[in-house]
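> When you get a sec, could you give me coordinates for this:
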Amino acid sequence: MKKWGNQFKKLMFVVGISSMILANGCGSSKSASEAAAPAANAYAAPQEEAAYTSNESSVTSDEKAGQDAAGYTGENPKINTTSTYNRKVIKTGNMEIQTEHFGQTVESLTNCVISLGGYIESSNIQGSSFYNKDSNNRTATLTVRVPQAQFDVFVNRGSEFGNVSYLSCNNEDVTSAYVDTEIRLKTLKARYDRLLKLLEKSGTLQELFELEQEVSNVTYEIENLSGTLQHYDALVDMGTLSIQVQEVKEIVVEEEVVDPTFGKQVEEVFKGSMNTLMEIGKGIIILVTGLLPFVVIIIPVILIGVNLYKRNNKKKRTLEKNEEENEE
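Just a heads-up that it's a prediction; the model follows:
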């Protein structure tokens, strides 16, 4: 009985030791798992970011926009082009103006642009010279920028400066490209914030280097897209109009060509014949007038020559007659 009691005590001691070992092992495993989780997440995040970057480098710009939106795990921006986004329209145009008062027209155009809140982007005037200041072939080429709200107002006032011989306007809707760029920019900014958080948690130098490289790349893309949006805003806010001013002696307005009737055709033919006869008569009169001085000089010479010829013949006949009489 005493022997059995000793064996029972030994068995209980072994069971207790085993229980303590198992408890410590489970606690260690759990602690190790919890400690390894942040490190694993920190390591996985840079890999995910690196994989995202490699995908971006192998697609075109249009596909990249879709991948940016798909790769963003947060809440996507809600797009409403009717209420959230205004239509982004770039207004451009070309205008040609004919004027008899070149300097005044150019000055009036400049003052009008400034009064509407615009400015002259570029100007080029050519045609006049120091030796020929009165020439009527001067040309001015102006590129003006006018606020979009005043663009149509300025175009409609074109006839105030002269005869508008040519006019064309173009409206380019860039809303889709603008919104796409804006979404990509928001996605990159969110990605930038995530990278900064990961940068704070990075442990090894390798992870730190990779994250800094990613931050640099994302910063470059953010600056690039921000510049694109600023460029769009500049083109949308201010319309661009190219104006060519031509100096003329007399403004000629083209009339509509109408097919003439039969009576009109007969009238035109008769007038043409009369004009031809008049031109022939004018030519004859001009010819006679031009020859008259020569006739005045030549006729006396001819008369004198004829008179001398007759006298010589008369003398010759007289001599011959006298010789015949002497022979007899």
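
> any idea of the mean pLDDT for the helix or strand that residue 269 is a member of?
Using DSSP states H and E, residue 269 falls within helix 262-327. Averaged across helix 262-327, the pLDDT comes to 84.

> same question, stretch 240-255
Averaged across stretch 240-255, pLDDT comes to 81.

> Nearest residue to residue 153 in space, please, no chain neighbours.
Using CB to CB, 6 or more residues apart in numbering and skipping residues adjacent in sequence, the residue nearest residue 153 is residue 116, 6.7 Å away. To be clear about C-beta, it is placed using only N, CA and C from the backbone, and glycine gets the same treatment.

> residues contacting the one you found?
146-147, 150, 153-154 (CB atoms under 8 Å, 6 or more residues apart in numbering).

> I'd like the distance between it and residue 281.
Residue 116 is 61 Å from residue 281, where distance means CB to CB, to the nearest Å.

> again with residue 153
Distance, residue 153 to residue 281, by CB to CB: 59 Å.

> re earlier: of the contacts of residue 116, keep whichever come out buried.
For the contacts of residue 116, a neighbour count by 16 or more other CB atoms under 10 Å gives the buried set as 146, 150, 154.

> Now flag whichever of those is closest to residue 212.
Nearest to residue 212 among the buried ones among the contacts of residue 116 is residue 146, at 46.0 Å by CB to CB.

> What sits closest to the closest one if chain neighbours are left out?
Nearest in space to residue 146, with sequence neighbours left out and distances taken as CB to CB, 6+ apart, is residue 118 at 3.9 Å.

> was I right about the one you found contacting residue 148?
No. Using CB atoms under 8 Å, residue 118 is not in contact with residue 148, being 10.4 Å away.

> Neighbour count for the two, which is higher?
Neighbour comparison, residue 118 and residue 148: the larger count goes to residue 118, with 21 against 14 (by other CB atoms under 10 Å).

> who's in contact with that one?
144-147, 150, 154, 238.

> before we move on, which element is residue 114 in?
Using DSSP H and E, residue 114 falls in helix 102-115.

> now the helices for the stretch 151-300 of the chain?
Ranges of helices within the stretch 151-300 of the chain are 175-201, 205-237, 262-327, based on DSSP state H, counting those that start in this stretch.

> Any buried residues in the shortest one, and which?
With burial defined by 16+ other CB under 10 Å, the residues of helix 175-201 counted as buried are 178-188, 190-191, 194-195, 198-199.

> Same check on the second one?
Of the residues in helix 205-237, those scored as buried under the neighbour-count criterion (16+ other CB under 10 Å) are 207, 210-211, 214-215, 217-218, 221-222, 225, 228, 232, 235-236.

> same deal with stretch 156-169?
Per 16+ other CB under 10 Å, stretch 156-169 contains these buried residues: 158, 161-163, 165.

> Isn't residue 228 up against residue 181?
Yes. Residue 228 is within contact range of residue 181, at 5.4 Å (criterion: CB under 8 Å).

> Kindly reformat the contacts of residue 118 as CSV containing distance to residue 290 and secondary structure.
Below are the contacts of residue 118 laid out as CSV (distance: CB to CB, whole Å; DSSP: H, G, I helix; E, B strand; the rest coil):
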residue, distance to residue 290, secondary structure
144, 58, strand
145, 64, strand
146, 63, strand
147, 68, strand
150, 66, helix
154, 60, helix
238, 67, strand
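
> Could you save those residues as TSV and add columns showing distance to residue 108?
Listed next are these as TSV, based on distance: CB to CB, whole Å:
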residue	distance to residue 108
144	13
145	18
146	15
147	19
150	16
154	12
238	21
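
> so the closest residue to residue 165 other than its chain neighbours is in which element?
Excluding the flanking residues, the one nearest residue 165 by CB to CB, 6+ apart is residue 96, at 4.9 Å. Element membership for residue 96, per DSSP H and E: strand 89-99.

> helices and strands around that strand, which ones?
If you count contacts as 3 or more CB pairs under 8 Å, 6 or more residues apart in numbering; DSSP states H and E, strand 89-99 packs onto helix 148-156, strand 163-173, helix 205-237, strand 238-247.

> The longest one versus helix 148-156: what angle between them?
Spelled out, that is helix 205-237. Relative orientation of helix 205-237 and helix 148-156, computed by axes from the mean of the first three to the mean of the last three CA atoms, to 10 degrees: 40 degrees.

> any idea of the angle helix 205-237 forms with strand 163-173?
Computed by the same axes, to 10 degrees, the angle separating helix 205-237 from strand 163-173 equals 150 degrees.

> Check which helices and strands helix 205-237 is in contact with.
On a contact count with 3+ CB pairs under 8 Å, 6+ apart, helix 205-237 meets helix 2-57, strand 89-99, helix 175-201.

> Which of those comes out lowest on mean pLDDT?
Taking the mean pLDDT of those, helix 2-57 comes last: a mean of 40.

> Turn the buried residues of helix 205-237 into TSV, including distance to residue 90 and pLDDT.
Formatted as TSV, the buried residues of helix 205-237 follow (distance: CB to CB, whole Å; pLDDT from 0 to 100):
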residue	distance to residue 90	pLDDT
207	45	78
210	41	84
211	39	83
214	34	87
215	34	86
217	30	91
218	29	90
221	24	92
222	24	92
225	18	92
228	13	91
232	8	90
235	5	91
236	6	91
